[in-house]
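Undergrad: What follows is a predicted protein model with its sequence.
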Amino acid sequence: MEYYDIAVIGSGPGGYVAAIRSAQLGYKTLIIEKYDTLGGTCTNVGCIPTKALLDSTHHYSDAHHQFKEHGIKLEHIELDFSQMYKRKAEVVSKNTDGLNFLMSKNKITRLKGTASFVNNMTIRVTNDTETIEVTAQNYIIASGSKPSTIPGVTIDKQRIITSTEALSLEQKPESMVIIGGGVIGVEMASIFNRIGTKVTILEYADYLIATMDHELGKNLQKILKKEGVDIRLNHSVYKTQNTGSSAQVFFKDKNGAEETVEADYVLVAVGRSPYVKGLGLENTDVQLDDRGFIKVNENNQTAVSNIYAVGDVIGGAMLAHKAEEEGVFVVETINGQKHHIHYNRIPSVVYTWPEVASVGYTEEYLTKNNIPFNVGKFPFSASARARASMDTDGFAKVLVDPRYGEVLGVHVIGARAADLIAQGVIAQEYEVTAEDMFRISYAHPTYSETLKEAYLIASGQGAINI
Ligand code: FAD
Ligand code: NAD
């Protein structure tokens with residue numbers, strides 16, 4: 001039987017970051033992954049391939065709609081769908097190669113196979129050729145999540161698909177219905193709408209990306225609608241059917257009025273569920289909550305003190321960087337170090353164009369909880385940088401405590417919002433005031449100036465720049 005200090009199950013952002021930190025701290029480390037490549041959902045079928053396609057389709061869309069105004073004439077703009085997908089696959093490979101390199105550089109032992117607990121102390125790793133028993137002082141479960149579905153909708157991976165299958169299509173679909181206007185829904189809608197697929201989003205809630213500040217979803221809805229996406233809010237899907245060459249979706253509005261729509265593909269994006277299948281948790285004392293997530297305490301410890309869990313499998317925000325933070329946190333906790341994750345200061349980003357990014361409290365939360373706040377909001381249309389690049393959609397909004405000026409929330413929809421939000425995270429993490437934020441110098445012209453103006457407005461001063 002092989003022995004390790006720390007054995008990590010799953011090689012997504014939670015797992016691989018935990019393994020690297022573990023090796024850096026001198027622990028004999030093992031990482032187990034059942035798939036051939038490392039990187040989990042994020043690297044293989046999540047964050048990375050979607051961003052590669054979002055970038056490619058953004059260029060394609062600009063070539064069609066913006067180049068002319070920039071004075072660039074193109075005669076024949078043609079979509080090479082296979083090349084677009086080939087490039088996406090190459091981007092993924094470069095990332096998985098990078099992970100292979102990091103594993104060897106840090107002398108982390110890698111086992112390919114499914115890890116299953118035999119008891120609280122031992123796991124069995126099984127692959128096509130062998131079964132090995134391993135014991136570790138500590139285990140970190142980072143087994144991630146899988147797409148969920150809803151009653152009446154069976155994902156057959158042929159016509160009724162998830163984001164995973166959408167990332168390996170062989171031809172551009174002519175039409176697609178997306179169930180769910182959350183993060184996956186709007187990112188996928190952007191990819192396909194930009195290349196000419198007729199996209200319909202059916203969303204149950206009153207807003208797109210409904211967990212974020214509602215003004216962001218409202219603005220995004222207008223932008224996507226202008227670009228041609230058919231968005232049906234307040235509609236719930238209750239059945240889908242594969243007809244062979246297409247798929248039908250049956251849905252109803254809030255008054256119960258029923259409708260049907262047909263498309264080449266139906267993409268189900270109604271959330272993701274914890275992935276615990278095959279882990280053998282029934283052989284341990286690890287407990288699950290009523291939604292199937294692994295229960296952990298404030299140290300990410302399960303009911304078994306030497307079995308920890310991180311990332312999507314424990315719930316909370318299903319984000320790569322949240323999983324990474326937890327991976328590092330657990331290893332450093334095992335190492336006796338003390339720090340803390342501020343979950344409210346983990347940013348959320350949606351990679352549509354413009355991008356949407358958020359950190360801290362939403363207006364809805366503050367209002368509901370009777371917490372007073374000032375709003376500072378500045379439109380991208382008033383930014384010189386945004387005008388230069390023709391990216392004038394969106395706004396930067398900051399929510400500030402009226403008494404002490406503490407920054408309570410930062411919400412941006414606009415060009416490069418994904419990068420801008422880092423500044424909002426710093427403001428909140430270090431509890432600097434809105435005045436501190438507007439008194440620092442912002443390079444001109446930059447998109448970041450929209451935040452400076454928002455801080456000025458929230459502090460009772462007028463905007464001073466363009
Ligand atoms: P995962 O990445 O899911 O990795 C878990 C790994 O564990 C898998 O490789 C699995 O094979 C392995 N495993 C499971 N059970 C076993 C076992 N018994 N033995 C061995 N191996 C096992 N997040 C962002 O922050 N930004 C984004 O832009 C973003 N885009 C996304 C786009 C899409 C389409 C999707 C689906 C998700 C996206 N996410 C994004 C979410 C992000 O991918 C997840 O939050 C993140 O991957 C979670 O990391 P994890 O380590 O918890 O699990
Ligand atoms: P989500 O929770 O963001 O959205 C699911 C949506 O489906 C919700 O808006 C919900 O109201 C809707 N819905 C549920 N049942 C419905 C029904 N019967 N009819 C119509 N609509 C219905 O989940 P997702 O978009 O599947 O994404 C899963 C996870 O992946 C998210 O937690 C997200 O954090 C993560 N992710 C992150 C990124 C990113 O960070 N950029 C990108 C993609 C995915």
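TA: Cool, got the structure. Ligands and ions are numbered 1, 2, ... in the order given.

Undergrad: going forward, measure contacts between C-alpha atoms and count neighbours the same way
TA: Noted.

Undergrad: Over to residue 160: give its phi and psi.
TA: Main-chain torsions, residue 160, degrees, to the nearest 10: phi -110, psi 100.

Undergrad: What is the neighbour count of it?
TA: If you count neighbours by other CA atoms under 10 Å, residue 160 ends up with 26.

Undergrad: Does it touch residue 243 like I think?
TA: No: the criterion here is CA atoms under 8 Å, and residue 160 misses it with residue 243 at 10.2 Å.

Undergrad: Based on its surroundings, how many neighbours for residue 86?
TA: For residue 86, the count of nearby residues is 13 (other CA under 10 Å).

Undergrad: any residues touching the helix or strand hosting it, and which ones?
TA: According to DSSP states H and E, residue 86 maps onto helix 81-105. With contacts defined as CA atoms under 8 Å, 6 or more residues apart in numbering, helix 81-105 is touched by 16, 20, 37-39, 43-44, 48-49, 52-53, 56, 109-110, 167-168, 170-172.

Undergrad: Out of the residues you listed, which sit inside strands?
TA: Judged by DSSP state E, strands contain the following of the contacts of helix 81-105: 109, 110.

Undergrad: among the contacts of helix 81-105, which ones are buried?
TA: With burial judged by 16 or more other CA atoms under 10 Å, the buried subset of the contacts of helix 81-105 is 16, 20, 37-39, 43-44, 48-49, 52-53, 56, 109-110, 167, 172.

Undergrad: Just the CA atoms of the strand ranked longest in the chain, as CSV, please.
TA: Criterion DSSP E: the longest strand present in the chain is strand 131-141. Once non-C-alpha atoms are left out, strand 131-141 reads as follows in CSV (Å, rounded to 0.1, in the frame of the first residue of the first chain):
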residue,chain,number,x,y,z
THR,A,131,-6.6,-1.2,-8.8
ILE,A,132,-4.3,0.3,-6.2
GLU,A,133,-4.9,1.0,-2.5
VAL,A,134,-3.6,4.2,-1.1
THR,A,135,-3.5,5.7,2.4
ALA,A,136,-3.0,9.3,3.2
GLN,A,137,-2.7,11.3,6.3
ASN,A,138,-5.2,13.8,4.8
TYR,A,139,-7.6,13.7,1.9
ILE,A,140,-9.0,16.6,-0.1
ILE,A,141,-12.1,15.8,-2.1
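
Undergrad: ok, the residue lying closest to residue 462 once chain neighbours are set aside to ligand 2 distance?
TA: With sequence-adjacent residues excluded and distances taken as CA to CA, 6 or more residues apart in numbering, residue 462 is closest to residue 456, at 6.4 Å. Separation of residue 456 from ligand 2 (CA to the nearest ligand atom, to the nearest Å) stands at 29 Å.

Undergrad: isn't there a strand covering residue 456?
TA: No: using DSSP: H, G, I helix; E, B strand; the rest coil, the assignment for residue 456 is helix, not a strand.

Undergrad: Spell out which parts of the stretch 201-350 of the chain neighbour ligand 2.
TA: Along the stretch 201-350 of the chain, the residues adjacent to ligand 2 under the rule CA under 6 Å from any ligand atom are 202-205, 209-210, 235-237, 269-272, 317-319, 348-350.

Undergrad: quick revisit: if I look at the residue nearest to residue 462, what pLDDT would I see?
TA: At residue 456, the model reports a pLDDT of 97.

Undergrad: Please look at it and residue 377 and confirm they touch.
TA: No: between residue 456 and residue 377 there is no contact under CA under 8 Å: 9.3 Å.

Undergrad: Now do the shared contacts for those two.
TA: Joint contacts of residue 456 and residue 377 (CA under 8 Å, 6+ apart) do not exist.

Undergrad: This structure against ligand 1: which residues are in contact?
TA: 9-15, 32-35, 40-42, 45-47, 50, 113-116, 142-145, 163, 184, 278-279, 311-313, 318-321, 323.

Undergrad: Give me the buried entries from those residues.
TA: 9-15, 32-34, 40-42, 45-46, 50, 113-116, 142-145, 163, 184, 279, 311-313, 318-321, 323.

Undergrad: so what pLDDT did the closest residue to ligand 2 within the stretch 351-466 of the chain get?
TA: Closest residue of the stretch 351-466 of the chain to ligand 2, CA to the nearest ligand atom: residue 351 (5.6 Å). You'll see residue 351 listed with a pLDDT of 98.

Undergrad: In stretch 416-432, which residues are buried?
TA: For stretch 416-432, by 16+ other CA under 10 Å, it's 416, 417, 418, 420, 421, 424, 425, 427, 428.

Undergrad: just to revisit the earlier point, looking at the buried ones among the contacts of helix 81-105, which one is closest to ligand 2?
TA: Of all these, residue 48 has the smallest distance to ligand 2: 9.7 Å, by CA to the nearest ligand atom.

Undergrad: I figured that closest one hits residue 39, correct?
TA: No: using CA under 8 Å, residue 48 is not in contact with residue 39; the gap is 9.9 Å.

Undergrad: domains for the protein, by residue range?
TA: 2-147+273-343, 160-270, 354-458 (automatic domain parsing).

Undergrad: between these, which gets nearest to residue 154?
TA: domain 160-270 (7.2 Å; CA to CA).

Undergrad: and the end-to-end length of stretch 60-77?
TA: Start-to-end span of stretch 60-77 (CA to CA, to the nearest Å) is 8 Å.

Undergrad: Below-threshold pLDDT in the stretch 51-200 of the chain: ranges please.
TA: Under the criterion pLDDT under 70, no range of the stretch 51-200 of the chain is flagged.

Undergrad: Taking it, what residue is nearest to ligand 1?
TA: residue 144 (3.1 Å).

Undergrad: ok, now the stretch 151-300 of the chain?
TA: residue 279 (4.4 Å).

Undergrad: Surely residue 236 and residue 204 touch.
TA: Yes: the criterion here is CA under 8 Å, and residue 236 meets it with residue 204 at 4.8 Å.

Undergrad: Compare those two and say which is more crowded by neighbours.
TA: With neighbours defined as other CA under 10 Å, residue 236 and residue 204 compare such that residue 204 has more, 23 against 20.

Undergrad: and the more buried one, helix, strand or coil?
TA: Residue 204 ends up coil, using three-state DSSP.

Undergrad: I'd assumed residue 180 was in contact with it.
TA: Yes: between residue 204 and residue 180 there is a contact at 7.1 Å, judged by CA under 8 Å.

Undergrad: Apart from its neighbours in sequence, what residue is nearest residue 133?
TA: What sits nearest to residue 133 in space, not counting adjacent residues and going by CA to CA, 6+ apart, is residue 124, at 4.5 Å.

Undergrad: hey, where'd the strands end up in the stretch 251-400 of the chain?
TA: With DSSP state E, counting those that start in this stretch as the criterion, the stretch 251-400 of the chain has strands at 258-263, 265-268, 272-274, 307-309, 348-350, 355-360, 374-379, 395-400.
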